[in-house]
Every structure is written in structure tokens, then in C-alpha cells.
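Engineer: got a sequence here, can you model it:
(chains A and B)
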Amino acid sequence: MKGQTSALSKSTAVKFRIPTAENLVPIRLDIEVDGQRFKDAFTWNPSDPDSEIVVFAKRTVKDMKLPPVFVTHIASSIQSQLADFRSFEGQDMYAGEKIVPIKLDLRVNHTLVKDQFLWDLNNFENDPEEFARTFCRDLAIDDPEVGPAIAFAIREQLYEIAIQSVASARESRISKKGRRGAEHAIVSKAGGTAMDLVKLFGHKSSVVRKRKEWDVYEPIVDLLSNEEVDALEAREERNGR
Amino acid sequence: MELPQLDPTSKQNPPDEPELDLYTIPSHSSWFSWDEIHATEEVSLKDFFDGSSITRTPKIYKEYRDFIINKYREEPSRRLTFTEVRKSLVGDVCLLHKVFLFLEKWGLINFAAPSTGGETLVVGDEERYKVKIEGVPTGIRVVAMPNSIKPISALPSVGDSGGAVDNGFKLPTLASYSDVFADLMTRKGLVCGNCNEICDSGHYKCMKGDLLICVKCFKNGNYGESKSVDDYKFNDCLQNSSNVGAVWTEAETLLLLESVLKHGDDWELVAQNVQTKSKIDCIAKLIEMPLGEIILSSAQRKVTSSELIGNLNNSKQVQLSTSESLETDKIGDQHDEQRNESEHNGDAENRGPPLKRQRIASAPGDGGSLMKQVALISTVVSPHITAAAAEAAVASLCEENSCPREIFDGEDDYVTNGLLSPTENCETKRVLEDPEMKERHSQSGDEDSCFKKDDIPLTLRVRAAVATALGAAAARAKFLADQEDREIEHLLAIIIGTQMKKLHCKIKHFEDLEMIMKKKHAEMEEVEDFLISERICVLQRAMSAGIPRWRDHSYVKS
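Structural biologist: Okay, the predicted model is just below:
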């Protein structure tokens, strides 16, 4: 793993994948049939055989006591999201260093989590699940659903960035034909969100943040009361329409 | 990256010495230094050192590390969490997490904090070292913390003879346990291959190699790589030490004296301190030395005489069994030294180190002295027993040392004089005026009067005295034991007699009861006969009256 990592970061391009230790695709389901709505989020291993999808869908429907019509919807939704993912596989991803800020803003049941931190897209040992576990332990979050939700949110954003970087990698390939040494410009441009690494990690600056920035990168966890949850849900409902 | 071993001198002068705070880190993390990055860090966190990225450089690692450790040290009793740290550090959270876990694993952070349920940090309590540190990460000093100084000075054994002489010897700064004691560990060869502790109780030896592991590790199942229980054979250290025990180096002797001063007659502790010798060896050595009892008493330990005598007897045997030449050499040497001392210094000056204290001056004054206990006991015995004991002691000593009998003759005069005198002396003098003490006085008298008896080795005289006293004590003990035996027999006889009486009483009682029963029985039989005869009478009358009910009557009759 180590060797692979350094080799990867030295080479300019990487084949598309979720930039984490485990190549798991975030799948989000939001299905409404006959006024009944089913929302779920989980990760899927793209190397699993696709026959598993239907089995999974059937099991979910049975467990959640949903009408059987959901089976096909769930299966097709997963199938299409996996197909999206696979369409990027085999393509080159971003080149060079890339560290991106990940922002969390999610509510799981009664827990509200807001957080921001940096994530190294080139470090393929990174483990969102491990991070989420530590997060929950450190902040003493009891709800078992919070951890997976955080990990999922991170994966989703990483997925998004990975997709963007495929496009930017394509651009850089084109521009490389024109002029050499354009890499840095491309990198800082790529995705728009990547941090200026030279500025952050250069010799002149300290990796210790200025105190006034601490609040920005500090996780905020709130436990909501029932009323607040209801109010929030109502608002989300309204926004959704 | 150049990573030299931590150099203590470079951190010798931190600018604000008084403001230093002490932090505890585990000794296995003593490689840590603010100024450098150690090989351990390099190996564990390769990412920072393979030059793969501008975001992962040694400099950045050091900044991360220093910040996290300082953050923790703002409040060492509180557990620092990763989530608290990461908000203040720029960089990949996962990488930060790795650094954080690494520091936590080595106890550089969260060492003093109470550990949370799931995680257990490996902490070697006995090997804690304190780190002196300023608020800013510029200098660091590792010193043994106060309570670890104590064992070090208590076990001067660990150092060499130099350390033993000077109690307050100092460890070099940043020294680790193995730095200081490594030579000792290898020299002894009885170091656990697993935990590197010294095996003083015993150890297991691996048949497949030279690996030794201590009992503790063995029990815990830490057999080491590719080894199993069957590969190990138990070796008791006592066996080894009895082999080693015969020869005493000067350092060991010093050590023994020092630990005896410290622990008195607690031989377990003393033996522990001396380490290279067993309990028996220590006792034997102390007895061999002419000053043993004084040292003992100067340690202000009151001991029951029986215990002491027991020890003494044991040690005596051991002593006698050790090789003769060695013994005489040793004692002779020490004794010469001792005698010179006593000649040169007057009686008044006995403030020197314990080894040099004057026996003659201090022996009579010390109440708890071992020899005095023996002497006291031996006084109780009748004179002729003591005489016999002295005779036997002298005889065996002569035989053992193959020296002419005559050298004791002068002394024997004293002895016999002493023995015959108690009747006269007992009112005016203290009971201490026993043969043994007499002998001593005679010795001191000898010395004062220009060594008249200098041809008799002092060693022999001392030993003769000791043997005599012991013999007398033994005789007394035997006498007492016999008395006790008789007493016990007598008491037993009384008990048995009483029991017999009790039994007799019971038997009589039963006989009475039997008599009563017999009488009752006779009465009953009479009643029965009377009833039968009456019945017959009735029947005869009925028959004569002609009532035809034969069957019933015959029934009744039968």
C-alpha cells in the first residue's frame, strides 16, 4: 500500500477511483411511489457482482416493509448509479497534489453535525469510516447512525471531486500538448476548491492555523429537541417542493 | 535526515530553568526530543519522509507533532482528542489522525490522562521518566523522577562499586534504563529476553537458543517468536547463585554492608539489593565479617533472639562448608585492616563508615547486638556445659584450621576462669560477664598490652568465641527442651488419669442402671406369672361350670 501510494503520487495521472482505502461508491436512494417515500444512503462495492443488487433490493423492501413495487425502483436506481461510476473507471483522474476542503452539514435523527476539514485526494490510505468513528468517539456521539452518515457524506464529496477531476485531467492533457509546465496552473484551477498547497505548506508558512480560523474548522455538534427536528423536517419538505 | 542519538550535553542549558514544568512520558518514548526527529518516527510515519509531496515533509511533521504535544501539555490530566487537534492544523485529516495515533501510541500525549474504555495504553509504571520542558519546544531534559531516584540509590548494586560508595550519584541526562544498567544486564546474563527485566526469582531457559525469559513472561505466555512452552526449562536462580555465592567481590561486600545498614535483618530485602548473591550467601558473608553484629545493631532493628539464632546457625553451617582457605584469607584481610584501625584510632573515634567501626568499643554498649543475645543465653547455662562447649569449639576449630592446640591454651585459661567465677561475680557485675565476653575482654586486653598473644590469629579467637557461645546456647536449649518434654509428659499423665476416672464413673452409672432394669424385669415376670395362674383358675372354674367355649379358650391360652 505504501509503495503504491508514493508511486501514485509521483505519477501525474491516476486511474479513476474513489480516493480512499476502500473503493466504495456512495449510493443515495430517494424513491417515491404512490405517495410513499423511501430515502437511504449507503456505500456499494463496485466489484461486487450486479446480481447482488436485486437481492439487496428485495431484502431492503422486506426489511423496511415497503410495497413490492419498490424492488425494481431500488434496483434500477443502484444500477444506474453504479453505471455512472463505471463510466468514469479507466479514465485518468487529476494530476499532482490535491488537497480539498470537505464540509459537513448534516442532520441524522436528532444530531446536527457541522464540520470542515482538509482531505488529501492523493492519499489512498485515507479512510472516511475510520475518521467518522474517531469523530463520534471524540465528540461522544451516541447515535450509531451518525458515524456512517458522516463517512457517507465524505465519500459523496470525494466522488464528486473525483468526477470533476476527470474532466480537468482531460483538459490538462490537451493543454500539455501546447505548453509544458502548465501543470501548476491547472492543479490550482482544478475543481476550483483545491487549496493552494504552496501557500499552505511552503517553507514560510506554519501548518498551525491562525487562531481566528480555528472556529471555522471546528466541528459543531448539536442535539436537537423533538420540536426542532419536526420544524426542520417541515422546512426541508417545503424546500423540497 | 541525520538522526543521532540524543545528546544530553546539547540540552544542558535551557534559558529559563526555574520555569520548567515536569511532564511524564513513558520511558520507551525516551527517544523523543523536540529538536530532532527520531528514527522511530521516520519508520512509523513514512509518508512524511519519502519526499512524495510538498504537503508531507519532515518539517511539517515536526510542526504537527510539536503542536499536538504542546496542546496536550496545556492540560495533561485531560484526554486530548483528535477532533480538538485537527481544527488547529492545516492538512489532510487522515494524515493528522495518523500522527495523532502515533503520538498517542507512544505515550507522548494522553499518557497521564485517564484512558477511555476501549483503548489501553501500554504503560511501564516502574520505568517512568520525567521530562523537563519549557513552554516552548526548544529544550528537553529527561531525568529520573524523584521516586525513581529512590530505588536507584537503594540498589547501588546496579551501578558498580563506584556507585555504591557515593549514594547520590547522578544519572546522565537523557539516560534510559538500559543506558545505565546495560552492562549489568549483560554481565549477569539473567535478563528476560522479553521484558528485559532482571530475573531475580528464577527464569525459564529456552532449549532452542540462549533466550531467557522471566517467570512473569512465561506465565503470561510470552514465549517469544516460534517458541512454545515445551522449549523452556525452568532454572531457579538459587542454584545459580549458590555457585556464584562463594566468591565475594569488594563491590558486593560494600553493597551488602550498605543494604544491611538500610534494611537491618530483613534478609530478603538485603539479598534483593545485593542481587548477585542469595539470602544464605549474604547472611554467611555478614557472619564471616567480624563486624556483622554491630552493623546489624546499628541499623536499630530489634530482633527476637530465636530468629537470630536460627539465622546464625544456618549461616554458620554454610560458612563452615565454604572453602577453608578462602575464608581465612578473607577474614584475615579484613581483620587486619580492622585491627589496624582500632590501633590507630582511639576508642572515641568510631564515626567512620560502618566497615571501619571498632568492634571492641561498641560491642558491649549495643543492646540489640546479635552476639550479645547469644551471650545472654549462654550465660544461663551452667559453667561446666559452657566449658564443654568451648572445648568442643576450640577442638573443631583446631582441627579445621590444622593449627596447634596450644595457641588456645592461654585463652582457655581465661575461659575457665570466667566459667568458674560467675558465682562470685554475679552480684557485682552484670550478667554479661559470660565466657564469651570475658574472652573479648581478654582480647582487648591483649591488644592493649602490646599484643602479647599476637601469634594467635584474631580470626580464630573470634571464631572460637562464637562457637563457644553457640555451643553454650545450644546446650541451654537442649536443657530447656528436655524440661519442657518432662513437663508435657507429666501433664499428659494427668490428663489420662482424669479421663480414666471419668470412664469409671460412667461404667458405674451404667451398672446401676442395669441393676434397676433387672429388678424391673423380675417384677414384670412375677406379674405375668400371677396373671397366667389367675387365668387358669378362671378357666378351670368355667370348665367345671360347664361352659362350652373351648376354642376361644384354647386360642387365648396359646
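
Engineer: make it CA atoms for all contacts and neighbour counts henceforth
Structural biologist: OK.

Engineer: point out where the stretch 401-550 of chain B drops to low pLDDT.
Structural biologist: B:401-457, B:548-550 (pLDDT under 70).

Engineer: where exactly do the helices run in it?
Structural biologist: For the stretch 401-550 of chain B, the helices defined by DSSP state H, counting those that start in this stretch occupy B:409-420, B:422-425, B:435-448, B:458-545, B:550-557.

Engineer: by contact count, what packs against the longest one?
Structural biologist: With contacts taken as 3 or more Cα pairs under 8 Å, 6 or more residues apart in numbering or on different chains; DSSP states H and E, helix B:458-545 sits against helix B:324-344, helix B:370-380, helix B:383-401, helix B:435-448.

Engineer: where does residue B:107 land in three-state SS?
Structural biologist: coil (DSSP: H, G, I helix; E, B strand; the rest coil).

Engineer: distance of it from chain A?
Structural biologist: Applying Cα to the nearest Cα, to the nearest Å, the value for residue B:107 to chain A is 18 Å.

Engineer: can you get me a residue count around that residue?
Structural biologist: By other Cα atoms under 10 Å in any protein chain shown, the residues close to residue B:107 number 21.

Engineer: hang on, it packs against residue B:29?
Structural biologist: Yes - counting by Cα atoms under 8 Å, residue B:29 is a contact partner of residue B:107 at 7.0 Å.

Engineer: which neighbours do these two have in common?
Structural biologist: Common neighbours of residue B:107 and residue B:29 are not found (criterion: Cα atoms under 8 Å, 6 or more residues apart in numbering or on different chains).

Engineer: residue A:143 - how many residues pack around it?
Structural biologist: Using other Cα under 10 Å, residue A:143 has 12 other residues around it.

Engineer: quick check: residue A:50 vs residue A:228, distance?
Structural biologist: 41 Å (Cα to Cα, to the nearest Å).

Engineer: my bad, residue A:89
Structural biologist: Counting by Cα to Cα - residue A:89 and residue A:228 are separated by 42 Å.

Engineer: with neighbour numbers in mind, choose between the two.
Structural biologist: Neighbour totals were compared for residue A:89 and residue A:228, and residue A:89 leads with 15 against 12 (other Cα under 10 Å).

Engineer: okay, that one: pLDDT?
Structural biologist: Residue A:89 is assigned a predicted lDDT (pLDDT) of 82.

Engineer: quick one, phi psi at residue A:40?
Structural biologist: Phi and psi for residue A:40, reported as degrees, to the nearest 10, are phi -160, psi 160.

Engineer: do residue A:38 as well
Structural biologist: Taking degrees, to the nearest 10 as the convention, residue A:38 sits at phi -130, psi 120.

Engineer: for it, name its beta-bridge partners.
Structural biologist: Beta-bridge pairing for residue A:38 (DSSP bridges): residue A:31.

Engineer: that one is in contact with residue A:28, isn't it?
Structural biologist: No - assessed by Cα under 8 Å, residue A:38 is found out of contact with residue A:28, at 10.5 Å.

Engineer: list the contacts of stretch A:67-84.
Structural biologist: By Cα under 8 Å, 6+ apart, stretch A:67-84 touches A:25, A:27, A:29, A:31, A:33, A:46, A:50, A:53-54, A:56-58, A:61.

Engineer: one more pass at 6 Å, please.
Structural biologist: A:53, A:54, A:57, A:58 (Cα atoms under 6 Å, 6 or more residues apart in numbering or on different chains).

Engineer: and it, which residues are buried?
Structural biologist: In terms of neighbour count (16 or more other Cα atoms under 10 Å in any protein chain shown), stretch A:67-84 has its buried residues at A:70, A:71, A:73, A:74, A:75, A:77, A:78, A:79, A:81, A:82.

Engineer: same deal with stretch A:127-134?
Structural biologist: A:127, A:128, A:129, A:131, A:132, A:133, A:134.

Engineer: equivalent analysis for stretch A:221-241, please.
Structural biologist: Going by 16+ other Cα under 10 Å, stretch A:221-241 has these buried residues: A:221, A:224, A:229.

Engineer: ditto for stretch A:163-173
Structural biologist: A:163, A:164, A:165, A:166, A:167, A:168, A:169, A:172.

Engineer: please compute how far it lies from its chain's middle.
Structural biologist: Offset of stretch A:163-173 from its chain centre (Cα atoms, centre = their mean, to the nearest Å): 18 Å.

Engineer: what residues does chain B have near chain A?
Structural biologist: B:52, B:55, B:81, B:87, B:88, B:89, B:90, B:91, B:92, B:93, B:94 (Cα under 6 Å from any Cα of the partner chain).

Engineer: ranking by neighbours, what's the top pick from those residues?
Structural biologist: residue B:91 (28 neighbours).

Engineer: for that one, what are its contacts?
Structural biologist: With Cα under 6 Å, 6+ apart, residue B:91 has these contacts: residue A:118.

Engineer: and residue A:209, by the same measure?
Structural biologist: B:88, B:89.

Engineer: how is chain A divided into domains?
Structural biologist: A:2-16+A:97-240, A:25-86 (automatic domain parsing).

Engineer: and the end-to-end length of the shortest one?
Structural biologist: Domain A:25-86 has an end-to-end distance of 10 Å (Cα to Cα).

Engineer: just to revisit the earlier point, now, which of the buried residues of stretch A:221-241 lie within strands?
Structural biologist: residue A:221 (DSSP state E).
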